[in-house]
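Participant: no sequence on hand, only this structure:
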């Protein structure tokens, strides 16, 4: 009897494995949904739509983008975590949902590790450090000197976790006390920077660079270790005065926990190919985002490393979880 039960169990396991593998070979055969935890028009939304178009052309199935903004990206992340783990729901996420939130909030309605299967990193982007021309500084080194001479008198604005943590890291590495002024988003902060209500901010290229080209703000440096092709004349913050400084934001894709491994592998294949396609090229080029893809395990490691990094910066800044 025991031998028969073991044989039956083995047969059932083999049948289940065959069924999963068979499903993965035909996957996808119906509409796939990309959940974006940010508003339409955001950088994450634009990336998701570019990838959706590329996957649609490649896999010959419809891919729709479902924006679920709000609640510090909680709403979209939670919806993806609760979706059926069959591969037909993908979360297009960022460092906000999977590295920063767990340190900025006491309790999340989702677990960034346990609730998701990593698929692939999708790209890394840099930010740009801006000041009002009336501040009278032309380099990062000059700004640091000014800030140190007036501790607590200068302020920096931020309207996203990437912008806030970039500013906090700058303060820590430069050894300067600059007051943090939070905003609901980056554009209003840029408006106040132009108006002189704040003194400096580090923001995404799409938001900040047009103001530099329009002569309203001055760029002191970029947050990556390499100069940006969008602003090749602007030095890196590292080379311009704060050696070793680097702070990037990143995009990544996740499936709900429990998604079968063969389906995860197929999604990784489709998304990596989409990121490198001509269809998505305009997004990467226009935003200065570097195409960066990984294996699922590669993304798992990136996320773990980034969580530690962001956690240390947040703790050192004395930011109390909400």
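Facilitator: Nice, thanks for sending it over. Everything quoted here is computed from the prediction, not taken from an experiment.
Participant: any chance you could map the helices in the stretch 51-200 of the chain?
Facilitator: Counting by DSSP state H, counting those that start in this stretch, the stretch 51-200 of the chain has helices at residues 74-81, 95, 101-104, 140-149, 161-174, 186-195.
Participant: deepest of those, which one?
Facilitator: helix 95 (a mean of 25; mean count of other CB atoms under 10 Å). C-beta coordinates here come from the backbone N, C-alpha and C atoms, glycine included.
Participant: what is the least confident helix or strand in the chain?
Facilitator: helix 2-26 (a mean of 58; mean pLDDT, DSSP states H and E).
Participant: immediately after that helix, which helix or strand?
Facilitator: As assigned by DSSP states H and E, the chain's next helix or strand after helix 2-26 is strand 32-36.
Participant: what lines up beside that next one in the sheet?
Facilitator: Using DSSP bridges, the strands paired with strand 32-36 are strand 63-67 (parallel), strand 89-94 (parallel).
Participant: list the buried residues of that strand.
Facilitator: For strand 32-36, burial by neighbour count (16 or more other CB atoms under 10 Å) applies to 32-36.
Participant: cool, and stretch 243-251?
Facilitator: 245-251.
Participant: picking that back up, so which of the buried residues of strand 32-36 comes closest to residue 125?
Facilitator: Using CB to CB, residue 36 comes nearest to residue 125 of the buried residues of strand 32-36, at 16.1 Å.
Participant: which ones are touching the closest one?
Facilitator: 42, 44-45, 48, 65-69, 76, 92 (CB atoms under 8 Å, 6 or more residues apart in numbering).
Participant: any idea how the chain splits into domains?
Facilitator: In terms of domains, the chain is parsed into 30-125+249-316, 127-240 (source: automatic domain parsing).
Participant: tell me which of the strands paired with strand 32-36 is the most buried.
Facilitator: strand 89-94 (a mean of 27).
Participant: so can I have JSON lines of the contacts of residue 36 showing pLDDT?
Facilitator: Formatted as JSON lines, the contacts of residue 36 follow (pLDDT from 0 to 100):
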{"residue": "42", "pLDDT": "83"}
{"residue": "44", "pLDDT": "90"}
{"residue": "45", "pLDDT": "92"}
{"residue": "48", "pLDDT": "97"}
{"residue": "65", "pLDDT": "98"}
{"residue": "66", "pLDDT": "97"}
{"residue": "67", "pLDDT": "94"}
{"residue": "68", "pLDDT": "94"}
{"residue": "69", "pLDDT": "89"}
{"residue": "76", "pLDDT": "96"}
{"residue": "92", "pLDDT": "98"}
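Participant: what's the most distant pair in those?
Facilitator: Within the contacts of residue 36, 42 and 66 form the most distant pair, 13.6 Å apart (CB to CB).
Participant: am I right that residue 283 falls within a helix?
Facilitator: Yes - judged by DSSP: H, G, I helix; E, B strand; the rest coil, residue 283 forms part of a helix.
Participant: that one: neighbouring residues, count only.
Facilitator: Neighbours of residue 283 under the rule other CB atoms under 10 Å: 19.
Participant: pretty sure residue 138 is touching residue 234, no?
Facilitator: No - contact between residue 138 and residue 234 fails when scored by CB atoms under 8 Å: they sit 11.8 Å apart.
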